[in-house]
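Quick one, what's the 3D model for this:
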Amino acid sequence: MTSTQDFLAGLTFLEGRGDATIDAEARTVGVSAPASSDLISDPVSGALTRGAPVLASSAPAGDFVFSAQVTVPGERSTYDAGVLALYVNERRWAKLCFEYSPDAEATVVGVVTDGFSDDANGDVIAGDRVFLRISRLGEAFAFHHSPDGVRWRFLRVFRLGTAHELEGLRIGFAAQSPLGEGRGAEFAAISLEERSLADLRDGS
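Reported below is the predicted structural model:
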């Protein structure tokens, strides 16, 4: 059984580099992304852009529920984001982002990359923080968000590979600032539970 504190103690950079602060006892993490940093495999151009700091630790072997309150403080540039991440390898990952859209709105965005990235926008969020959650159910994963960490809104469900391909799965945190001069993201109330969601769409 992996505790939240053990998970946080195992965090290391898998992609990019940036400043990071980790307080396992308080269950908080801070990640700062440098200017022009992103992690995306463009489905139109085919270009792979890397450099966003991804701070991750080994995921439990079975089902889990991983959540945090994500805050992106201050003035934001387009696509600045705080991120919960799933990471299999350099060409296969997924991001649940609290991202600043081209319409100047804080938005929940889900990106799934298997060679190339898709990009699907969800709800607009009032304020500078939101709860994000990634859950594993067998070989599938689900993205949810919440204003309070109690009632959850479904965003999407997807796969990233077979059980064998997911054996090295890591989960964690990232920040990005593709068009900006850098951005920090703060993660609080971090929780990692080894359990299965009973229903993806009932708000639990």
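
residue contacts, residue 204?
Contacts for residue 204 were tallied using C-beta atoms under 8 Å, 6 or more residues apart in numbering; they are 152, 197, 198. (C-beta placed from N, C-alpha, C; glycine too.)

try 6 Å
With contacts defined as C-beta atoms under 6 Å, 6 or more residues apart in numbering, residue 204 is in contact with no residue.

how much space between residue 55 and residue 44?
As for residue 55, its distance to residue 44 is 29 Å (criterion: C-beta to C-beta, to the nearest Å).

What's the local residue count around residue 179?
By the criterion of other C-beta atoms under 10 Å, residue 179 has 14 neighbours.

Could you verify my assumption that it touches residue 80?
No: under the criterion of C-beta atoms under 6 Å, residue 179 is not in contact with residue 80, lying 8.1 Å apart.

which helices and strands sit right next to the lengthiest strand in the chain?
Secondary structure assigned by DSSP state E gives strand 183-193 as the longest strand of the chain. Packing contacts for strand 183-193, counted by 3 or more C-beta pairs under 6 Å, 6 or more residues apart in numbering; DSSP states H and E, involve helix 4-9, strand 28-33, strand 64-71, strand 170-176.

Give me the number of neighbouring residues for residue 152.
By the measure other C-beta under 10 Å, the count of residues near residue 152 is 25.

again with residue 200
The number of residues packed around residue 200, counting by other C-beta under 10 Å, is 18.

Let's see the pLDDT reported for the residue nearest the centre of the chain.
For the chain, the residue sitting closest to the mean C-alpha position, by C-alpha atoms, centre = their mean, is residue 84 at 1.5 Å. pLDDT recorded at residue 84 is 98.

beta partners for it?
With DSSP bridges applied, the residues forming beta bridges to residue 84 are residue 96, residue 173.

Is it in contact with residue 96, as I believe?
Yes: between residue 84 and residue 96 a contact is recorded at 4.6 Å, counting by C-beta under 6 Å.

Which strand residues bridge the closest residue to residue 114 other than its chain neighbours?
The spatially closest residue to residue 114, leaving aside those adjacent along the chain, is residue 92, at 5.4 Å (C-beta to C-beta, 6 or more residues apart in numbering). According to DSSP bridges, the partner residues bridging residue 92 are residue 89, residue 114.
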